[in-house]
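*Asks:* how would this look folded up:
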Amino acid sequence: MQDRALIMMALVVSMTIVLSSTLLLRRPHVYTADCLDAQTFARDAYTAYATRSTIYGTYYFHYPVTVTQTTITCNPCLVSLNIQTLNNTTLQGRQRLLLNATSGRLVIQTKG
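*Replies:* Numbers count the residues shown, from 1 in each chain. Next up is the predicted model:
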């Protein structure tokens, strides 16, 4: 019985490795600098929202980042964040942003 469990666990681990490597081959840019700022922006937005604070940052978005009233997403970079915002916009290129969540909803303002 234990041999079967070990074989099944080894099979699950090997399938996970194969599937994850396949995803990386299709989307190699996810772990490069092209997606780094989109991931950093999502992390900063979540931090500002969770702590009800203000964060100022400069980001360069190689791929469009879509902001709606309920989500922040960047499909090529596998970024998806479900938080309440007051904005509906698409961010691309170099952006200087003020992320303000002191009111309980995230407000994204462009600066200069």
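
*Asks:* Scan this protein for its longest strand.
*Replies:* Of all the segments assigned as strand in the chain under DSSP state E, the longest by residue count is strand 54-67.

*Asks:* Adjacent strands (with direction) for that one?
*Replies:* Here strand 54-67 is paired, per DSSP bridges, with strand 71-74 (antiparallel), strand 89-100 (antiparallel).

*Asks:* Tabulate the ones you listed (CSV), appending mean pLDDT and distance to K111.
*Replies:* (C-beta placed from N, C-alpha, C; glycine too.) As requested, these are arranged in CSV below (pLDDT from 0 to 100; distance: least, CB to CB, whole Å):
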stretch, mean pLDDT, distance to K111
strand 71-74, 94, 18
strand 89-100, 94, 5
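
*Asks:* so which of those strands gets nearest V107?
*Replies:* For the strands paired with strand 54-67, proximity to V107 was assessed by CB to CB; strand 89-100 is nearest, at 4.6 Å.

*Asks:* What's the first helix or strand after that closest one?
*Replies:* Using DSSP states H and E, the helix or strand that follows strand 89-100 in sequence is strand 107-110.

*Asks:* so which of the strands paired with strand 54-67 is the most packed in?
*Replies:* Among the strands paired with strand 54-67, ranked by average contacts under mean count of other CB atoms under 10 Å, first place goes to strand 71-74 (a mean of 20).

*Asks:* ok, now which ones touch the most centrally placed residue in the chain?
*Replies:* Central residue of the chain (CA atoms, centre = their mean): V79, 2.8 Å from the mean position. Counting by CB atoms under 8 Å, 6 or more residues apart in numbering, V79 makes contact with 35, 38-39, 41-42, 65, 72-73.
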